[in-house]
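> coordinates for the following, if possible.
(one chain, ligands or ions: 2)
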Amino acid sequence: MQVEHEFTQIFMKKFILDLTVTDNIRLHSNYVLLKLTHADTLPDMLPGQFAEIRVDDSPSTFLRRPISINYVDRNNNEIWFLIQLVGDGTRHLALAKQGDNINVVLPLGNSFTMPKEQSEKLLLIGGGVGTAPMLYLGEQLRKKGYIPTFLLGARSANDLLQLEEFAKIGDVYTTTEDGSTGEKGYVTQHSILHNSHFDRIYTCGPKPMMMSVAKYAKANGIECEVSLENTMACGIGACLCCVENTDEGHLCVCKDGPIFNIKKLLWQI
Ligand SMILES: Cc1cc2nc3c(=O)[nH]c(=O)nc-3n(C[C@H](O)[C@H](O)[C@H](O)COP(=O)(O)OP(=O)(O)OC[C@H]3O[C@@H](n4cnc5c(N)ncnc54)[C@H](O)[C@@H]3O)c2cc1C
Ligand code: FES
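Ligands and ions are numbered 1, 2, ... in the order given. This is a model prediction of the structure:
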């Protein structure tokens, strides 16, 4: 089953597409939600995979930028990208207007592993813009009959994004560092981790957060996958700039990841 899953990912065809912007929603001063479509049906994409997006009209941005697949709306033939504005590339992407074309390569990387048993209790933990891949993962799990629990953390209430979308799919718990909403503190301090039992955790966010989640999962014998966001250049396994040290040696996060079971990683946790 696992072998079949990996086989499917490796041989998934990659596409270079000019997508058209259908909407650009400013969620908060620092984040935009880009919705894009294509004249043809969008290709198959798995939760956890990402796209390499070309940034036109930014003289300082030579390389494409890796952005997670936030959601695939099959009814409207749309793909969504949730983008945090951190530098020139993401700031230029945020200027896209309805009708503009954006060139993307997708779907890239591997994907989260689906649960093995229908009885499994699933916890999806996202921190900051690391909540992005959790929406599509949650929706795909829901389609398979699971009701996922989301634990979403951010600095403050304004940085907690798409809560209404998450609430349509599963149970949502939140933390903020300033206590403006949800429980005050980090996701790993949330009471649900002490009061409930989970069989599997999926997580994406800042590395210290994911290490802390991994530590909790390891200590409690819970299966756990993390989505790494190592800095990337080519995005297809050619330049070796995104490598992560694993029990199989150095692996490219763009090609062999971005999703890794924590048992593979040589993190000191
Ligand atoms: C697999 C993958 C999926 C990603 N998914 C998303 C997503 O869904 N939404 C989103 O907003 N961002 C995502 N990122 C991060 C995103 O790619 C970077 O923020 C973006 O490339 C920055 O480009 P820039 O030109 O705006 O900033 P730059 O000018 O390149 O950098 C600005 C600042 O951001 C830092 N930075 C750059 N890349 C990263 C990174 N990968 N992680 C942490 N800090 C970084 C730089 O060190 C610098 O301080 C993802 C990254 C990876 C590898
Ligand atoms: S980004 Fe080039 S090998 Fe991963």
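> so who does K207 touch?
L228, E229 (Cβ atoms under 8 Å, 6 or more residues apart in numbering). C-beta here means a position set from N, CA and C on the backbone, and glycine is covered the same way.
> give me the element the most far-flung residue of the chain relative to its centre is part of.
Here the chain reaches farthest from its C-alpha mean at P59, the gap being 27.5 Å by Cα atoms, centre = their mean. Using DSSP states H and E, P59 sits within no helix or strand.
> ok, it to L85 distance?
Going from P59 to L85 by Cβ to Cβ, to the nearest Å gives 18 Å.
> and what of Q162?
16 Å.
> more neighbours: these two, which one.
Q162 (21 against 18; other Cβ atoms under 10 Å).
> just give the nearest non-adjacent residue to the more buried one, would you?
Among residues not flanking Q162 along the chain, L135 sits closest, at 6.0 Å (Cβ to Cβ, 6 or more residues apart in numbering).
> and if you look at P43?
Using Cβ to Cβ, 6+ apart, the closest residue to P43 is F15 (5.3 Å).
> burial of that neighbour, as a residue count?
15.
> check contacts around it.
Contacts of F15 (Cβ under 8 Å, 6+ apart): P43, V105, L106, P107.
> show me how to select, in ChimeraX, the buried members of these.
Only the buried entries of the contacts of F15 go into this ChimeraX selection, using 16 or more other Cβ atoms under 10 Å:
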select :105,106,107
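> turn the contacts of F15 into a markdown table, columns for pLDDT.
Formatted as a markdown table, these follow (pLDDT from 0 to 100):
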| residue | pLDDT |
| --- | --- |
| P43 | 97 |
| V105 | 96 |
| L106 | 96 |
| P107 | 97 |
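> farthest pair within the contacts of F15?
Of all pairs drawn from these, the one with the longest distance (Cβ to Cβ) is P43 and V105, at 11.1 Å.
> in what helix or strand does G126 lie?
strand 122-127.
> strands along the stretch 101-250 of the chain, start to end?
Using DSSP state E, counting those that start in this stretch, the strands of the stretch 101-250 of the chain run over 101-108, 122-127, 149-154, 171-176, 183-184, 200-204, 223-227, 243-246, 249-252.
> how about the helices in the stretch 1-150 of the chain?
Ranges of helices in the stretch 1-150 of the chain, per DSSP state H, counting those that start in this stretch, are 2-10, 88-93, 132-143.
> pick out the shakiest of those, pLDDT-wise.
Sorting the helices of the stretch 1-150 of the chain by mean pLDDT places helix 2-10 lowest, at a mean of 55.
> was I right about Q162 contacting L82?
Yes. Q162 sits in contact with L82 when judged by Cβ atoms under 8 Å, with a separation of 7.0 Å.
> which residues do those two both contact?
In contact with both Q162 and L82: L27, L33, T131, L135, using Cβ under 8 Å, 6+ apart.
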